[in-house]
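Student: Next come a sequence and a model predicted from it.
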Amino acid sequence: QRVSDLVTETIPLQTGDTVIVAVSGGPDSVALLHILGTALPLIRFIAVYVDHGLRPHETGAEIELVEELARQLRAGFKRIAVDVKTTAQENGASIEETARTLRYQGLEAIRRQYRATAIAVAHTADDQAEELLIRLIRGCGRKGLSGMRLRNGWIIRPLLQATKETLLHYLRA
């Protein structure tokens, strides 16, 4: 209950809103979908799995997990595929940066398709600490040290104040 209260108080959503939820099948995003789907029954959620084409042996099981969880929570489900390797080679960019860019482009396309209020991603307090450390090492200014925001345009991060340990405990319960 504590985690769901934290999420609902952090990111206010209105009855009738539609929210795209990025769900990879990992514990953070699974917890996010479950928390949102159970704590906010009057919000329409669409779970979106982005297939980056990088882990073909694991993708099928992840898609099945996300699709089944979405069905149980009466959420919509969409799967999108992006070609990270080819795009990274064409642009001379890293796999990680290309995957991130294509993922957010795909999520934004789904958001527009459904006229959704927001795109929820499962960044946690642990991710925030890691991001701040990386920015510090790279030599960012004061603005960079502010870290990720709870809301940045269409992107919302309802779990930004929760730790991975808290989410794992929630999932076990």
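Tutor: All right, it came through fine.
Student: and residue 119, how many residues sit next to it?
Tutor: Per other CB atoms under 10 Å, the neighbour tally for residue 119 reads 22. (C-beta placed from N, C-alpha, C; glycine too.)
Student: Surely it forms part of a strand?
Tutor: Yes: under DSSP: H, G, I helix; E, B strand; the rest coil, residue 119 falls within a strand.
Student: So for it, what's the pLDDT?
Tutor: Listed pLDDT for residue 119 reads 95.
Student: Now that it has come up, it's in contact with residue 156, right?
Tutor: Yes: with contacts counted by CB atoms under 8 Å, residue 119 reaches residue 156, the gap being 7.0 Å.
Student: Centroid-nearest residue for this structure?
Tutor: residue 121 (2.2 Å; CA atoms, centre = their mean).
Student: distance of that residue from residue 92?
Tutor: Distance, residue 121 to residue 92, using CB to CB, to the nearest Å: 26 Å.
Student: what about residue 19, is that helix, strand or coil?
Tutor: strand.
Student: count of residues packed around it?
Tutor: Neighbour count of residue 19, defined by other CB under 10 Å: 23.
Student: What of residue 115?
Tutor: 7.
Student: give the contact list for it.
Tutor: For residue 115, the contacting residues are residue 18, by CB atoms under 8 Å, 6 or more residues apart in numbering.
Student: Show me where this protein dips below the pLDDT cut-off.
Tutor: Of all residues in the chain, those with pLDDT under 70 make up the ranges 1-4, 6-8, 10, 125-148.
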